[in-house]
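Enquirer: Mind looking at a prediction? Sequence and model below.
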Amino acid sequence: MSRSPSQDEIDERTEATRPTPATLDLRSRAVPANDAVTVGPVAGLGLFGLPRAYWTLWCGMLLNRLGGAVFLLLGLYLTRERRLSPELAGLVISLYAAGGLLAGPVGGALADRLGRRATLLGGTAASGAFMLALGGARSTGIIVVLAPLLGFFTDLCRPPLQAAVADLVPPADRARAYGLLYWAMNLGFAVASALGGALAVDHFGALFVIDALSTFAYTVIVFLGVPETRPVAFVAATAGIDGSGARERPGSPDSQRPGHWAPFRDRPFVTFALIQVVLLVAFAQVIVALPLDMSAHGLDVKRIGLLLGLNGVYIVVLQPLALRYGRRWGHVHRLAGGALLTGLGLGATALAGGPLGYALTAALWTLGEVGFSTASPAIVAEFAPVAQRGAYQGVYQLSWGTAIMAAPVLGSLVLASAGSTALWGGCLVACFTAAALHIRITGRRLR
């Protein structure tokens with residue numbers, strides 16, 4: 001026998017079937033590992049749609065490079081002004097490079113732990129002070145001690161700068177942002193080369209003062225115009241809370257404190273860095289092997305200097321065009337394309353033989369340099385979790401340091417034992433191999 005439902009039962013059924021109103025929660029509970037997170041004044045947009053804080057860093061780096069003629073003429077300064085033997089001058093320069101090699105991982109770890117701004121301020125201030133000290137040093141022992149310290153603090157600033165760009169700029173615009181920064185560095189390099197060479201004739205010591213003052217000016221620019229860019233996700237992660245104020249689950253990636261050795265345990269990233277070493281060892285032959293090859297073909301020192309200086313001129317002229325027409329390509333394809341052009345330019349050097357040939361081949365490998373140098377830091381930013389951007393950029397810096405230290409030994413050995421054709425042919429093979437590996441391995445990992 002059925003009974004009529006009571007009023008309470010009717011109310012319960014009505015409540016159960018009533019549609020739940022939809023709500024939209026705008027609070028971010030989790031931050032994607034590789035997305036830029038910007039807040040407050042950092043997010044303000046400036047020229048070309050890039051943040052104003054980015055342009056402040058850009059101007060600071062340009063000013064710093066305009067005073068950077070010392071590094072180009074350090075060997076000449078040590079032998080002419082300080083009367084060091086060529087062998088001892090080479091040792092000092094090697095010690096400077098060794099200090100820079102160690103600076104990458106340390107600078108990256110400090111950028112993640114203390115912040116990008118604090119690391120930049122400390123690195124630039126110390127670099128300017130050691131530059132003045134080296135310019136005033138008269139004792140060979142003091143010069144030997146100061147050289148690696150100067151190299152260390154100079155290169156300490158690179159990982160926080162690269163990480164700050166990744167913090168400030170969205171992923172789609174990072175390659176363009178890194179490209180513009182690279183363009184500013186080379187514009188400063190070109191101007192510093194011309195002015196430094198003229199000034200060094202009678203006032204070599206003034207170069208150290210100018211370099212130190214430009215570095216201190218960079219410090220002031222960062223202090224006054226650049227806020228801390230380390231993402232909010234990292235600050236919340238180290239406290240164990242998410243963006244809504246709630247305690248995060250222990251397994252959440254953003255709740256883990258950054259480990260300094262984490263990039264070395266990231267196999268795909270380590271593979272990418274090792275592929276880059278192959279490419280960079282070939283590219284770094286332009287530092288030592290190319291001048292030797294030019295000299296063997298009868299070019300004098302003045303003409304060799306002018307031809308090598310074309311690299312900076314080519315970058316200033318070609319990079320804006322390359323960035324404009326290469327925007328449709330992804331980071332990996334731009335990197336692989338740069339490796340192919342570098343290989344073609346270096347390989348064609350075997351056929352150069354004269355000034356015109358070297359100038360044309362330099363245009364090819366410079367265009368390749370623009371491709372891989374602007375794409376690679378953007379790819380590193382994609383590999384890196386938010387809390388470890390500095391560490392990843394610092395470890396990637398080891399690829400450059402390793403290549404620059406290995407390239408002179410390998411290049412001079414091949415040049416002496418097998419000749420220039422074998423050297424430049426080997427560079428072509430190395431670059432093409434790196435391009436193929438990036439397409440096959442790096443591209444698959446990022447997809």
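Expert: Ah, there it is.

Enquirer: CA atoms for contacts and neighbours, from now on please.
Expert: Fine.

Enquirer: what kind of secondary structure is Tyr54 in?
Expert: helix (DSSP: H, G, I helix; E, B strand; the rest coil).

Enquirer: Same check on Trp329?
Expert: coil.

Enquirer: ok, it - how many residues close by?
Expert: 12 (other Cα atoms under 10 Å).

Enquirer: And Asp266, by the same measure?
Expert: 13.

Enquirer: The one 3 residues further on too?
Expert: The local packing count at Phe269 equals 22, with neighbours defined by other Cα under 10 Å.

Enquirer: what do you get for Val313?
Expert: 17.

Enquirer: again, but for the one 4 residues further on
Expert: Close neighbours of Val317, defined as other Cα under 10 Å, add up to 12.

Enquirer: counting contacts, what elements does whichever strand or helix holds it pack onto?
Expert: Element membership for Val317, per DSSP states H and E: helix 301-325. Contact partners of helix 301-325 among helices and strands, from 3 or more Cα pairs under 8 Å, 6 or more residues apart in numbering; DSSP states H and E: helix 174-199, helix 289-296, helix 355-383.

Enquirer: can you list the domains in the chain?
Expert: 49-230, 261-447 (automatic domain parsing).

Enquirer: about what we covered before: what average pLDDT does the helix holding Val317 get?
Expert: In this model, helix 301-325 has a mean pLDDT of 79.

Enquirer: Could you point out the helix or strand that follows it?
Expert: helix 331-348.

Enquirer: quick check: angle from that following helix to helix 289-296?
Expert: 20 degrees (axes from the mean of the first three to the mean of the last three Cα atoms, to 10 degrees).

Enquirer: Now do helix 331-348 and helix 355-383, the angle between them.
Expert: 160 degrees.

Enquirer: just to revisit the earlier point, kindly reformat the helices and strands packed on helix 301-325 as JSON lines containing mean pLDDT, mean neighbour count and distance to Thr349.
Expert: Formatted as JSON lines, the helices and strands packed on helix 301-325 follow (pLDDT from 0 to 100; neighbours: other Cα atoms under 10 Å; distance: least, Cα to Cα, whole Å):
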{"stretch": "helix 174-199", "mean pLDDT": "82", "mean neighbour count": "21", "distance to Thr349": "23"}
{"stretch": "helix 289-296", "mean pLDDT": "84", "mean neighbour count": "18", "distance to Thr349": "9"}
{"stretch": "helix 355-383", "mean pLDDT": "91", "mean neighbour count": "22", "distance to Thr349": "6"}
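
Enquirer: Report the distance from stretch 199-213 to the chain centre.
Expert: 27 Å (Cα atoms, centre = their mean, to the nearest Å).

Enquirer: Can you name the residues in contact with that stretch?
Expert: 64, 67-70, 77, 127-129, 131-132, 134-135, 196 (Cα atoms under 8 Å, 6 or more residues apart in numbering).

Enquirer: Quick check: of the residues you listed, which lies closest to Pro263?
Expert: For the contacts of stretch 199-213, the residue nearest Pro263 by Cα to Cα is Ser127; the value is 26.5 Å.

Enquirer: what helix or strand does that closest one sit in?
Expert: helix 116-136.

Enquirer: helices or strands up against that helix?
Expert: Counting by 3+ Cα pairs under 8 Å, 6+ apart, helix 116-136 packs on helix 86-113, helix 140-155, helix 158-168, helix 204-225.

Enquirer: Looking at the ones you listed, which is nearest to Gly368?
Expert: helix 158-168 (20.5 Å).

Enquirer: give me every residue that touches Pro159.
Expert: Pro159 neighbours (Cα under 8 Å, 6+ apart): Gly104, Gly107, Gly108, Ala111, Gly390, Ala391, Gln393, Gly394, Gln397.

Enquirer: gap between it and Pro148?
Expert: 18 Å (Cα to Cα, to the nearest Å).

Enquirer: Flag the shaky bits of the chain, pLDDT-wise.
Expert: Scanning the chain for pLDDT under 70 picks out the ranges 1-46, 72, 197, 201, 232-260, 301, 326, 447.

Enquirer: The helix holding Ser127: which residues count as buried?
Expert: 116-121, 123-135 (16 or more other Cα atoms under 10 Å).

Enquirer: Stretch 325-342 too?
Expert: Per 16+ other Cα under 10 Å, stretch 325-342 contains these buried residues: 326, 331-342.

Enquirer: Show me the contact partners of it.
Expert: 175-176, 279, 283, 364-373, 375-376, 378-379, 428, 431-432, 434-436, 438-439, 442-443.

Enquirer: do that again at 6 Å, thanks
Expert: With Cα atoms under 6 Å, 6 or more residues apart in numbering as the test, stretch 325-342 has contacts from Leu364, Trp365, Gly368, Gly371, Phe372, Ala375, Cys431, Phe432, Ala435, Gly443.

Enquirer: From those residues, pick the one nearest Trp424.
Expert: Nearest to Trp424 among these, with distances taken as Cα to Cα, is Cys431, at 10.6 Å.

Enquirer: check contacts around that closest one.
Expert: Leu279, Ala339, Gly343.

Enquirer: Centre of the chain to whichever strand or helix holds it, how far?
Expert: Assigned by DSSP H and E, Cys431 falls within helix 420-437. The chain centre lies 23 Å from the centre of helix 420-437; the measure is Cα atoms, centre = their mean.

Enquirer: Which positions in it come out as buried?
Expert: Those would be 420-421, 423-437, for helix 420-437 by 16+ other Cα under 10 Å.

Enquirer: Can you tell me the number of residues neighbouring Gly68?
Expert: Residues near Gly68, counting by other Cα under 10 Å: 26.

Enquirer: ignore the last one, Arg265
Expert: 9.

Enquirer: what's the distance between it and Trp55?
Expert: Arg265 is 34 Å from Trp55, by Cα to Cα.

Enquirer: ok, now Leu181?
Expert: 9 Å.

Enquirer: One more: Ala125?
Expert: 20 Å.

Enquirer: got it, and Asp300?
Expert: When Asp300 is compared with Trp55 (using Cα to Cα), they lie 41 Å apart.

Enquirer: So those two - more neighbours on which side?
Expert: Taking neighbours as other Cα under 10 Å, Asp300 and Trp55 compare with Trp55 leading, 20 against 12.

Enquirer: residues of stretch 403-415 that come out buried?
Expert: Ala403, Ile404, Met405, Ala406, Ala407, Pro408, Gly411, Ser412, Val414, Leu415.

Enquirer: Out of these, which sit inside helices?
Expert: Ala403, Ile404, Met405, Ala406, Ala407, Pro408, Gly411, Ser412, Val414, Leu415 (DSSP state H).

Enquirer: any idea which helix or strand carries Ala273?
Expert: Applying DSSP H and E as the criterion places Ala273 in helix 267-283.

Enquirer: Find out how far that helix is from the centre of the chain, if you would.
Expert: Mean-position distance between helix 267-283 and its chain equals 14 Å (Cα atoms, centre = their mean).
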